[in-house]
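> need coordinates for the below:
(one chain, ligands or ions: 3)
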Amino acid sequence: MNAIVITGTDTGIGKTVFAAGLTAALNATYWKPVQSGLEEATDTEQVARLSGRPALPEAYRLQLPASPHLSAEAEGVEIDPNRLALPVTDGPLVVEGAGGVMVPLTRKLFYRDMFARWQAPVVLVARTQLGTINHTAMSLMALRDAGCSVVGVAFIGAPEPDVEDTIVQMCATTHLGRLPHLSPLTPETLTTAFAKVDTATIKAAL
Ligand SMILES: Nc1ncnc2c1ncn2[C@@H]1O[C@H](COP(=O)(O)OP(=O)(O)OP(=O)(O)O)[C@@H](O)[C@H]1O
Ligand SMILES: C[C@H](N)[C@H](N)CCCCCC(=O)O
Ligand SMILES: [Mg+2]
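Numbers count the residues shown, from 1 in each chain. Ligands and ions are numbered 1, 2, ... in the order given. Next comes the predicted model:
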């Protein structure tokens, strides 16, 4: 296996920025199987800008910025899981979901079920802000319930050591490091910040 899945406790929490840092750190290829919402820069464009690494084309590019199953329905299509088989790449592949782990790809398939089909190790990206213990614990339960192999949790935001330690200890997971809010967010600031992420543990899971 040379793919690593990046999922999160919610949409808009920093999966793409984290995925860009990891793609650069692993000299990997990036893939966003399903992009919903095309008005702003896509995740693939963001990762290309921040990592300088190659990206595979999305299997689905959907106009409506919504849950993938709704974005697909809005265009009169249904996402076909058979079109989402992990591509074979030379070198590591960083694959980003959309939103959180229980986001539907269809009305019968949540993203976590797709991760389980892929049998790829999973990194869960979580905020450090208030509310994250509940969201992270539930996301880990959902991933484990589906049989996913979780490498650990990567945190985004200001340091909250008591919160982070609580999650690691009570959820029996691994702390993969923390990305602060970067301003400006550039390939250089991301590379510097990402040096503190436990890339070795992630690489060992590949
Ligand atoms: N560490 C960070 N420093 C600065 N800005 C960040 C950081 N992480 C995320 N952002 C910004 O927050 C917004 C949401 O981040 P991002 O696109 O990575 O979320 P996401 O979890 O990938 O969302 P989606 O579920 O849509 O894929 C973006 O504008 C992004 O640039
Ligand atoms: C549109 C957004 N940027 C993401 N690509 C999709 C987020 C889906 C969230 C669905 C939900 O949890 O309600
Ligand atoms: Mg994203």
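
> interface residues of this protein facing ligand 3?
Taking CB under 5 Å from the ion as the contact definition, the chain meets ligand 3 at 15-16, 43. (Each C-beta comes from the backbone N, C-alpha and C, glycine too.)

> just the ones of these in helices?
Among those, the ones falling in helices (DSSP state H) are 15-16, 43.

> for the chain, what spans make up the helices?
15-25, 43-51, 68-74, 111-118, 132-145, 161-170, 187-194, 199-205.

> how about the ones you listed, which one is nearest Gly100?
With CB to CB as the criterion, Gly100 lies closest to helix 132-145 of the helices of the chain, at 6.3 Å.

> still on that earlier bit, for ligand 1, find the nearest of the helices of the chain.
Closest to ligand 1 of these, according to CB to the nearest ligand atom: helix 15-25, at 3.4 Å.

> give me the contact status of that closest one with ligand 2.
No - counting by CB under 6 Å from any ligand atom, ligand 2 is not contacted by helix 15-25; separation bottoms out at 9.2 Å.

> try stretch 74-84
No - using CB under 6 Å from any ligand atom, stretch 74-84 never reaches ligand 2; the gap is at least 12.0 Å.

> need the contact partners of that stretch.
For stretch 74-84, the external contacting residues (CB atoms under 8 Å, 6 or more residues apart in numbering) are 33-34, 59-60, 62-64, 66, 68-69, 72, 105-106, 109, 114, 117.
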